[in-house]
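Undergrad: Here is my input; please provide its structure:
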Amino acid sequence: MGLAVNAGISYYGLYRETLLPYAAALLGAAYFALRAIDALPPDEKILRLALKTYALLIVGLVITPYTVSTWLNYLHIVCGTALFSLQLLLSCWVAWKLRYIWWSIGLLLVELASGIAAAHYLNLTHGFLLQSQLTFQMAFGALLVLSLPALVLDIETPIVSGET
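TA: Residues are numbered from 1 along each chain as shown. So this is what the prediction gives:
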């Protein structure tokens, strides 16, 4: 039903059958973001703060089912909007730290386009909200997975350098 009614990722946090996988997936992302902080150099204050805030916003999404009340719906929207905005800002920072290597710019552009699409579909009855949210999250995840080793190890060339 979620795909038929333009529901987003949070739709799966509303039903008993899907609540556990939904919560496990989101809380797992929050947990691993916090674990990543332990591997960061002490001087990476921006990344540390961003990952802590990221984890907090994810918890906020999980504990605010948007159908319970208008107030929880508002909190859910605020958490979601803040999360996507933080992720986009963090991705810009990562691309800058990587000296704008081509794949970081490509993933950043995918995030931007899918974020705009998600914002567009947010209040529509039919559309591609779930697909645009998932595309955004996959691009963000790919950017972090590919770039964090270079940022943590402080090496010149990230995992995907484009050089042969």
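Undergrad: Would you mark the buried spots in the worst-scoring helix or strand of the chain on mean pLDDT?
TA: Taking mean pLDDT, DSSP states H and E as the measure, the chain has helix 129-153 as its least confident helix or strand, at a mean of 88. Within helix 129-153, the residues that qualify as buried are 129-133, 135-137, 139-140, 142-144, 146-148, 150-151, counting by 16 or more other Cβ atoms under 10 Å. (Each C-beta comes from the backbone N, C-alpha and C, glycine too.)
Undergrad: what does that helix contact?
TA: 2-3, 6-9, 11, 36, 39-41, 44, 47, 84, 87, 90-91, 94-95, 97-98, 103-104, 107-108, 110-111, 114-115, 117-118, 120-122, 155, 157-160 (Cβ atoms under 8 Å, 6 or more residues apart in numbering).
Undergrad: again, only this time at 7 Å
TA: For helix 129-153, contacts defined as Cβ atoms under 7 Å, 6 or more residues apart in numbering pick out 2-3, 6-9, 36, 39-40, 47, 84, 87, 91, 94, 97-98, 103-104, 107, 110-111, 114-115, 117-118, 121-122, 158-160.
Undergrad: Which among these count as buried?
TA: 2, 6-9, 36, 47, 84, 87, 91, 94, 97-98, 103-104, 107, 110-111, 114-115, 117-118, 121-122, 158.
Undergrad: Could you list which of these belong to helices?
TA: 36, 47, 84, 87, 91, 94, 97, 103-104, 107, 110-111, 114-115, 117-118, 121 (DSSP state H).
Undergrad: Give me the most central residue, the protein.
TA: With distances taken as Cα atoms, centre = their mean, residue 137 lies nearest the centre of the chain, 4.7 Å away.
Undergrad: returning to what we had before: would you mind giving the orientation angle of the least confident helix or strand of the chain with respect to helix 102-121?
TA: Here helix 129-153 runs at an angle of 150 degrees relative to helix 102-121 (axes from the mean of the first three to the mean of the last three Cα atoms, to 10 degrees).
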